[in-house]
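Colleague: attaching a predicted model along with its sequence, questions to come.
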Amino acid sequence: MLRGLTEAELVAKAKLILKLVEKDRIVIPLGLTFQSAWCLPHGGILYELNSTKSVLWFNTPAHRGNFVTNFGSNATVKDQTFNILVENIPISYNLSSIHTNTEIETKGGLMQGSITKARWIKPITR
């Protein structure tokens, strides 16, 4: 359904969805807009927002949910993640501990919830 749309049409659709979200009495930050859209090879769409403030608003689960609901039944939003290598983490670090991840985020100056997955680069037994 969206595959044949141009970038301008995809951006216009996203802006229309924002107007529908506003009708649900959701306050949208002044100036929030979609800059561009790209159709990805697997059929997804990558939207670019105009500011960090817009991204922070959009990352609120309730706002994101309202946007997705108005976009369509097959719509989902996926966060873009990046792999990073962190040195000097003790081997006592529990990979599945939310508390430990929060502590590392705080000490590293990261936003809470930034660590979505952790793994050892080498087996611990080495």
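Modeller: Arrived safely.

Colleague: would you map the strands across this protein?
Modeller: 34-39, 45-49 (DSSP state E).

Colleague: so which of those is nearest Gly109?
Modeller: For Gly109, the closest of the strands of the chain is strand 45-49, at 23.4 Å, according to CB to CB. (Glycine included, C-beta is placed from N, CA and C.)

Colleague: by how many degrees do the closest one and strand 34-39 diverge?
Modeller: For strand 45-49 against strand 34-39, the angle by axes from the mean of the first three to the mean of the last three CA atoms, to 10 degrees is 160 degrees.

Colleague: how far away is Tyr47 from Phe34?
Modeller: 5 Å (CB to CB, to the nearest Å).

Colleague: for the residue most central in space within the chain, which non-adjacent residue is spatially closest?
Modeller: With distances taken as CA atoms, centre = their mean, the residue of the chain nearest its centroid is Asp79 (3.1 Å). Take Asp79 and drop its neighbours on the chain: the residue closest to it by CB to CB, 6 or more residues apart in numbering is Thr116, 7.5 Å away.

Colleague: Tyr47 and Phe34: which has the busier surroundings?
Modeller: Phe34 (19 against 15; other CB atoms under 10 Å).

Colleague: list the contacts of that one.
Modeller: 11, 14-15, 47-50 (CB atoms under 8 Å, 6 or more residues apart in numbering).

Colleague: can you tell me the closest non-neighbouring residue to it?
Modeller: Computed as CB to CB, 6+ apart, the closest residue to Phe34 that is not its neighbour in sequence is Ala14, at 4.4 Å.

Colleague: ok so, going back, farthest-separated two in the contacts of Phe34?
Modeller: Farthest pair in the contacts of Phe34, by CB to CB: Lys15 and Glu48, 13.0 Å.

Colleague: number of residues surrounding Ala62?
Modeller: So Ala62, with other CB under 10 Å, has 8 neighbours.

Colleague: and it, how far from Ile104?
Modeller: Applying CB to CB to Ala62 and Ile104 gives a distance of 28 Å.
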